[in-house]
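1. Predicted model, plus sequence, below.
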Amino acid sequence: MSVKIIVGYVRLLHRVLQHYQLESLLSGSEQLTQWKQFTEALHRDSEQGFDLNVYVQLLKQLQLYFKRPVSLVMAEHASLQDVGMMGYLASTSLNLQQALYLLEQYYPLLFKQTNLERLKIVEQDQLIQILWSANYEDYREIYELNLAMIFKIAKLIVQEQLIPPSFIQLGLTPHLSLSHYEQFFGCKIQVYVGQYKICFDHHVLLARSFAADQQLNQVLSNQAKQSLQQTDTFEHRQQILKQKVWGFIEQGLKQQNEIVQEYVARQMHYSERTLQRQLKLYQLNFQDILDEYRLQLSQYYLQQGRSLVEIATLLGYADQSAFGRAFKRWTGQTPKQYLRHV
């Protein structure tokens, strides 16, 4: 089961394609598999959401057409409707402070199965900080997009011009110049690997929402709470655990002379036996999770055109032959056969 992002993000991406006349990406014989899935999602407009891993790959492909970060381009075209229930909650809040605390409470609703990182709000001195961890390097674009979307939503809901944040912190080093982010957010940008953060001065939080309606906001909050409760299932908790393990697998594969399972267990403060026991409670197995992670990543790397030697190294295999055997065991095809059918 993959993580699903709400359908509003699909509509936002389509709006950007239309604005920049890039709809040719959705048609033609050279159309990539991910764009086909995107087109199908647009046509059925499914409220079941869209695969987040595919969405991130689309953002990375779209970046090729822009000199600025694609996350900022996307946020410039965002509307409150794109974030679903969170947009309505924000607009009917009394002020920006209430909107941000509701965002903290219902942030998982941006994702249909589970949110990748728990968003937290911390008040310190005269600042309010909205922050979350960055455990998945491959999700850099979605981290940046959500950061930019929080800022854009804040600008959309307040009655007066929003005072820029005190500062923005990027949890992963961006591929493009920090000057792009400084221009978008109107404040200084810092990089601290592992955590994204947006900070506002306290007095900014008093900015009133243009559609403040506490009665309606309470009704919407009750609906959001019910939606959140419905996602708290065995499958939901299972996926949360799997995603957590994936994050540590990604880190572990970058460590030289480390056995991945030992590394993951240590990071989760378990022995290997306890880790396996915890996984078994949710009908999971470490090797299956590792294989699934490697499969998804290998398919992405193959479509990027990376060499088999490089992919084998990135996935922690001794050589490309070992990777090739594993890939055929997963898919029934060699890597070269897989690429011919993509």
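-> Arrived safely, thanks for sending.

2. Can you pull out the low-pLDDT segments for this protein?
-> Flagging of the chain using pLDDT under 70 yields the residue ranges 1-2, 28-31, 45-47, 111-117, 231-232, 236, 256, 342.

3. And it, what are its domain boundaries?
-> In the domain annotation for the chain, the residue ranges read 4-228, 235-340 (automatic domain parsing).

4. Would you tell me which one of those domains is buried the most?
-> Most buried of these by mean neighbour count (mean count of other CB atoms under 10 Å) is domain 4-228; its value is a mean of 17. (Glycine included, C-beta is placed from N, CA and C.)

5. I'd like the distance from that one to the chain centre, please.
-> Taking the mean C-alpha point of domain 4-228 and that of its whole chain, the gap between them comes to 9 Å (CA atoms, centre = their mean, to the nearest Å).

6. now for it, what's the gap between its first and last residues?
-> End-to-end distance for domain 4-228, by CA to CA, to the nearest Å: 14 Å.

7. can you start the count at 262 instead of 1 from here on
-> In the new numbering, first residue 262, that becomes domain 265-489.

8. which stretch of helix or strand covers Phe461?
-> Secondary structure assignment for Phe461, by DSSP states H and E: strand 456-462.

9. Identify the residues contacting that strand?
-> Strand 456-462 is contacted by residues 357, 387-395, 404, 407-408, 411-412, 424, 426-432, 446 when judged by CB atoms under 8 Å, 6 or more residues apart in numbering.

10. In PDB, list the C-alpha atoms belonging to it.
-> C-alpha atoms of strand 456-462 as PDB (Å, rounded to 0.1, in the frame of the first residue of the first chain):
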ATOM      1  CA  GLN A 456      14.400  19.600   9.700                       C
ATOM      2  CA  TYR A 457      12.200  22.000   7.800                       C
ATOM      3  CA  LYS A 458      10.900  25.100   9.600                       C
ATOM      4  CA  ILE A 459       8.900  28.300   8.900                       C
ATOM      5  CA  CYS A 460       8.900  30.900  11.700                       C
ATOM      6  CA  PHE A 461       6.600  33.900  12.200                       C
ATOM      7  CA  ASP A 462       6.700  36.700  14.800                       C
END
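
11. Give me the sheet partners of that strand and which way each runs.
-> Strand 456-462 pairs in its sheet with strand 388-394 (antiparallel), strand 428-431 (antiparallel), by DSSP bridges.

12. Many thanks, have a good one.
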